[in-house]
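Asks: Compute the structure for the input listed below.
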Amino acid sequence: MHLTPWPDPLPAGIEVYRLDFDLATEATAARQVLTPAERAKADRFARTADRVRFTETRAALRRLLAERVGCEPAEVPLASSAHGKPYLELASGGAPLFNLSHSGSHALIVLGDARAVSEVGVDIEECMADVDIEGVASLAFTERECDEVRGAADRLQALYSRWVGKEAVLKAIGVGVAEHLKSIGIHPGADGRYALESAVPEWTNFQAMTLEAPAGYAAALAWRAKEST
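Replies: From the prediction side, this is the model:
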């Protein structure tokens, strides 16, 4: 497993790290960092690649957070919301924010300084050339998004750019992704930032941007700043 800080300029208070996996080799060393419950979850994956992605990503997250809260990686108090969004359960408050995503041979972990941002989300997807573009767009996108994808010169890139942006925003909000796909409209801009449309009035002040993903992948970052950046 190789962990690399993200080189792109990022919003204030946000760090992103990329992991590159060897999906054919069991993550033996990383497994030692996990809790017994996490090791049991890893063991339930039938495929080696799935075990590697889960184990390496969780171990890397624990190591990054342990450095910031001052404990051993296995002692980092991870918890999950009712919608599955993970968070740090610290009584002292001010805990670092984080989110993670993995697909194919890569994963992304985002860390947010709670003094600068109140929510963070990240997504990475391996772009599959044989994906049913029209089917996915009809299921997940707003009418305006569908029109934009149909009219794009590169429909595959247009689909995945919007998909990762949508997932990153919904993960930052902390709601179930499947239930709210059409509640958020994602419109890529020339500067790498997304223009966002929300059908939910409370989901305001979120921002999102594309990340320069490895070849064959798409990635996006979303956050809600405590002050305008």
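Asks: Who are the packing partners of the longest helix along the chain?
Replies: Longest helix in the chain, counting residues (DSSP state H): helix 48-69. For helix 48-69, the contact count by 3 or more Cβ pairs under 8 Å, 6 or more residues apart in numbering; DSSP states H and E identifies strand 14-20, helix 28-31, helix 36-43, strand 78-80, strand 97-103, strand 106-112 as packing neighbours. Heads up, the C-betas are built off the backbone N, CA and C, glycines and all.
Asks: switch to 6 Å and redo it
Replies: Applying 3 or more Cβ pairs under 6 Å, 6 or more residues apart in numbering; DSSP states H and E, we find helix 48-69 packed against helix 28-31, helix 36-43, strand 97-103.
Asks: Give me whichever of the ones you listed is most buried.
Replies: strand 97-103 (a mean of 22; mean count of other Cβ atoms under 10 Å).
Asks: So which residues make contact with the lowest-mean-pLDDT helix or strand in the chain?
Replies: Lowest by mean pLDDT, DSSP states H and E among the helices and strands of the chain is strand 2-5, with a mean of 82. Residues from elsewhere that reach strand 2-5 (Cβ atoms under 6 Å, 6 or more residues apart in numbering): 17-20, 60.
Asks: on that earlier part again, pull out the buried positions in the longest helix of the chain.
Replies: 51-66 (16 or more other Cβ atoms under 10 Å).
Asks: re earlier: please identify which of the contacts of strand 2-5 is nearest to residue 212.
Replies: The closest of these to residue 212 turns out to be residue 18 (Cβ to Cβ; 10.4 Å).
Asks: re earlier: would you reformat the helices and strands packed on helix 48-69 as TSV and include distance to residue 72 and mean pLDDT?
Replies: Formatted as TSV, the helices and strands packed on helix 48-69 follow (distance: least, Cβ to Cβ, whole Å; pLDDT from 0 to 100):
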stretch	distance to residue 72	mean pLDDT
helix 28-31	14	94
helix 36-43	14	96
strand 97-103	17	96
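Asks: Out of these, which gets nearest to residue 74?
Replies: Using Cβ to Cβ, the helices and strands packed on helix 48-69 put helix 36-43 closest to residue 74, at 9.0 Å.
Asks: helices and strands around the closest one, which ones?
Replies: Applying 3+ Cβ pairs under 6 Å, 6+ apart, we find helix 36-43 packed against helix 48-69.
Asks: how about 10 Å then?
Replies: helix 28-31, helix 48-69 (3 or more Cβ pairs under 10 Å, 6 or more residues apart in numbering; DSSP states H and E).
Asks: how about those helices, which one is nearest residue 197?
Replies: Closest among the helices and strands packed on helix 36-43, once you apply Cβ to Cβ, is helix 48-69, at 30.8 Å.
Asks: between that closest one and strand 97-103, what angle do the directions make?
Replies: Per axes from the mean of the first three to the mean of the last three Cα atoms, to 10 degrees, the angle that helix 48-69 makes with strand 97-103 is 160 degrees.
Asks: Could you tell me the angle between the longest helix of the chain and strand 106-112?
Replies: Following the same axes, to 10 degrees, one obtains 20 degrees for the angle between helix 48-69 and strand 106-112.
Asks: so how far is helix 48-69 off the chain centroid?
Replies: Distance of helix 48-69 from the chain centroid (Cα atoms, centre = their mean, to the nearest Å) equals 14 Å.
Asks: Give me the mean pLDDT for it.
Replies: Average pLDDT, helix 48-69: 96.
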